[in-house]
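> Below are the sequence and a predicted model for it; my questions follow.
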Amino acid sequence: MGNHVEHIYQKLGVETRTAAAAVAFGAADLANPRVADRESSPLETPLC
């Protein structure tokens, strides 16, 4: 099973499970029109 996971990491261009999850969540955000159409994320928006 380890070789299978390593192959997936290689395809994603990552080395850790956390990085793979971040790539997956990023792809999910791009697939969601409500998120993909935003001009900036809430973290980029100034608070004041």
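Arrived safely, thanks for sending.
> helix/strand/coil for the closest residue to Ala22 other than its chain neighbours?
Of all residues not flanking Ala22 in the chain, Val14 sits nearest, at 7.9 Å (Cβ to Cβ, 6 or more residues apart in numbering). Where you see a C-beta, it was placed from the backbone N, CA and C, and this is true even at glycine. Here Val14 takes the coil state, with states given by DSSP: H, G, I helix; E, B strand; the rest coil.
> Now do the contacts for Val14.
Residues near Val14 by Cβ atoms under 8 Å, 6 or more residues apart in numbering: 20, 22-23.
> Now do the phi/psi pair for it.
phi -130, psi 170 (degrees, to the nearest 10).
> Now stretch 6-22: average pLDDT?
Per-residue pLDDT values across stretch 6-22 average out to 93.
> Alpha carbons of that stretch, in PDB - could you do that?
Extracted in PDB, the C-alpha atoms of stretch 6-22 (Å, rounded to 0.1, in the frame of the first residue of the first chain):
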ATOM      1  CA  GLU A   6       3.900   7.300  -2.900                       C
ATOM      2  CA  HIS A   7       2.700   7.100  -6.500                       C
ATOM      3  CA  ILE A   8      -0.200   9.300  -5.700                       C
ATOM      4  CA  TYR A   9       2.000  11.800  -3.900                       C
ATOM      5  CA  GLN A  10       4.300  11.800  -6.900                       C
ATOM      6  CA  LYS A  11       1.400  12.600  -9.300                       C
ATOM      7  CA  LEU A  12       0.300  15.400  -7.100                       C
ATOM      8  CA  GLY A  13       3.800  16.800  -6.700                       C
ATOM      9  CA  VAL A  14       3.800  16.500  -2.900                       C
ATOM     10  CA  GLU A  15       5.600  14.500  -0.200                       C
ATOM     11  CA  THR A  16       3.200  14.400   2.700                       C
ATOM     12  CA  ARG A  17      -0.400  13.400   3.400                       C
ATOM     13  CA  THR A  18      -1.100  17.000   4.700                       C
ATOM     14  CA  ALA A  19       0.200  18.500   1.400                       C
ATOM     15  CA  ALA A  20      -1.900  16.000  -0.600                       C
ATOM     16  CA  ALA A  21      -5.000  17.100   1.400                       C
ATOM     17  CA  ALA A  22      -4.200  20.700   0.800                       C
END
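> If anything else comes up later, I'll come back, but that's it for now.
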